[in-house]
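[1] I would like the atomic coordinates for the input below:
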Amino acid sequence: MKRYKTVFRAYFAWDFQQELNELDRMSQQGWQLVKGGCFHSRFRREPEKRYRYQLDYRPGIDDMDRYLETFREQGWEYVNSTFNGWRYFRKAYDPALPEEEYEIFTDRSSLTEMTRRWMILARVLLAFALLMAAVEGVLLLMKPRLPQMIMTGTLLFEALVIAWGAGLMGSKEKREKRKKNAFSTYVFLLVLVLGFGSSICLMEQRYSSGVMYLGGVGDGSATVERWGEFDIPYKDNYYLSAEIRAESSLTLSLVREETGETVYSRNLETAGEELPYLLLEDEPVKLERGSYRIYLSDYYGETLAINWSID
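    A predicted model of the protein is given here:
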């Protein structure tokens with residue numbers, strides 16, 4: 001029979017009592033905790049022993065020795081701490097002792113103080129998530145795009161779960177009535193990873209830009225054409241901007257390569273001064289996935305330069 005085993009489980013902070021129940025059950029089966037963690041725990045096979053476990057949330061302890069000594073005086077053995085401030089303790093189990101002997105918080109005020117410490121962290125996380133959602137929401141209103149839509153929705157989902165959890169953490173009655181779903185924590189983490197990851201990936205894919213300088217292109221004809229090429233990775237709203245120096249008016253068009261369809265066209269006028277700027281600022285265009293070219297046509301000048309971008 002193997003001596004050690006690792007169990008992969010994740011718990012919300014407000015489900016700490018469910019985690020303690022699981023540790024007690026493992027101990028009864030002969031598996032004693034060696035190292036507790038946020039996403040997995042390590043156990044050693046010791047069937048001759050049995051413990052009851054407790055958790056304390058106390059990040060940033062100044063005097064760790066004094067903190068641990070306080071628990072040792074009450075019969076609690078320190079197991080380990082997690083990176084985010086949860087401390088694992090255990091005490092040898094004696095069925096003859098009353099259940100109160102295995103309560104790490106001997107009064108309601110002590111438990112309230114522990115939950116208060118976590119609520120401070122929850123409020124910070126909630127405020128940050130709401131602030132970022134507001135920023136992404138403003139960007140979404142300014143330029144409706146799929147990545148901002150996904151990011152805003154993910155941040156609001158995160159804020160909702162934190163707010164819900166804070167309500168549970170602040171009420172012992174609600175925590176005790178809640179039934180633990182073994183997959184809820186993983187679903188939450190999966191939604192965050194997929195939401196943030198897909199939004200970032202989509203933003204990285206969409207940026208295209210080009211710089212062209214075309215000297216002496218005019219020949220007195222209205223059909224002179226020069227273009228820039230770019231690919232669109234997925235269907236969405238895109239925003240075309242351009243800065244053009246030209247001697248006369250011209251037409252700027254977007255043409256889809258696969259079909260030859262002109263999906264956007266605009267005539268840019270100039271007053272006729274020497275190489276004035278023609279500006280096209282964030283013109284919205286809904287594009288399908290595919291390859292596109294920027295065409296410059298109906299131009300009678302000789303010198304032409306363009307900086308363009310689409311995002």
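[2] Where does the prediction get shaky in the stretch 1-150 of the chain?
    By pLDDT under 70, the low-scoring segments of the stretch 1-150 of the chain are 106-109.
[3] by contact count, what packs against the helix or strand containing A127?
    Using DSSP states H and E, A127 maps to helix 108-142. Judged by 3 or more CB pairs under 8 Å, 6 or more residues apart in numbering; DSSP states H and E, helix 108-142 is in contact with strand 51-57, helix 146-169. C-beta here means a position set from N, CA and C on the backbone, and glycine is covered the same way.
[4] Give the next helix or strand downstream of the first one.
    Downstream of strand 51-57, the next assigned helix or strand under DSSP H and E is helix 64-72.
[5] helices or strands next to the following helix or strand past that following helix in the packing?
    Going down the chain from helix 64-72, the next helix or strand is strand 77-81, by DSSP H and E. Under the contact criterion of 3+ CB pairs under 8 Å, 6+ apart, strand 77-81 touches strand 31-35, helix 64-72, strand 86-92.
[6] Just give me the neighbour total for E257.
    Residues lying near E257 (other CB atoms under 10 Å) number 12.
[7] Quick check: closest non-adjacent residue to it.
    Distances taken as CB to CB, 6 or more residues apart in numbering put S291 closest to E257, at 4.1 Å, once the chain neighbours are dropped.
[8] Equivalent analysis for S198, please.
    Using CB to CB, 6+ apart and skipping the chain neighbours, the partner closest in space to S198 is I150 (5.8 Å).
[9] show me where the stretch 201-311 of the chain has helices.
    In the stretch 201-311 of the chain, no segments count as helices under DSSP state H, counting those that start in this stretch.
[10] Now do the strands in it.
    Taking DSSP state E, counting those that start in this stretch as the test, the strands found in the stretch 201-311 of the chain are 208-215, 226-232, 236-246, 250-256, 262-268, 277-287, 290-297, 303-310.
[11] Compare these and give me the one nearest M119.
    Of all those, strand 236-246 sits nearest to M119, with 39.5 Å by CB to CB.
[12] Run a quick check on R90 versus L33, I expect a contact.
    Yes. Counting by CB atoms under 8 Å, R90 touches L33, with 6.7 Å between them.
[13] Show me the common contact partners of those two, please.
    Counting by CB atoms under 8 Å, 6 or more residues apart in numbering, the contacts common to R90 and L33 are S27, Y51, Y53, V79.
[14] State the pair within those that is farthest apart.
    Greatest spatial distance in the shared contacts of R90 and L33: S27 and V79, 11.4 Å, computed using CB to CB.
[15] Quick check on the residue nearest to E288 when sequence neighbours are not counted: phi, psi?
    Excluding the flanking residues, the one nearest E288 by CB to CB, 6+ apart is K235, at 5.2 Å. Torsion angles at K235 (phi, psi; degrees, to the nearest 10) stand at phi -70, psi 130.
[16] tell me, what residue is most central in the protein?
    Closest to where the C-alpha atoms of the chain average out (CA atoms, centre = their mean) is F196, at 3.7 Å.
[17] What residues does that one make contact with?
    Contacts for F196 (CB under 8 Å, 6+ apart) come out as M151, T154.
[18] for the one 4 residues further on, same thing?
    Residues in contact with I200 (CB under 8 Å, 6+ apart) are P147.
[19] next one: E103
    Contact analysis of E103 by CB under 8 Å, 6+ apart lists Q54.
[20] Tell me how far it lies from S110.
    9 Å (CB to CB, to the nearest Å).
[21] Overlap in contacts, the two.
    Joint contacts of E103 and S110 (CB under 8 Å, 6+ apart) do not exist.
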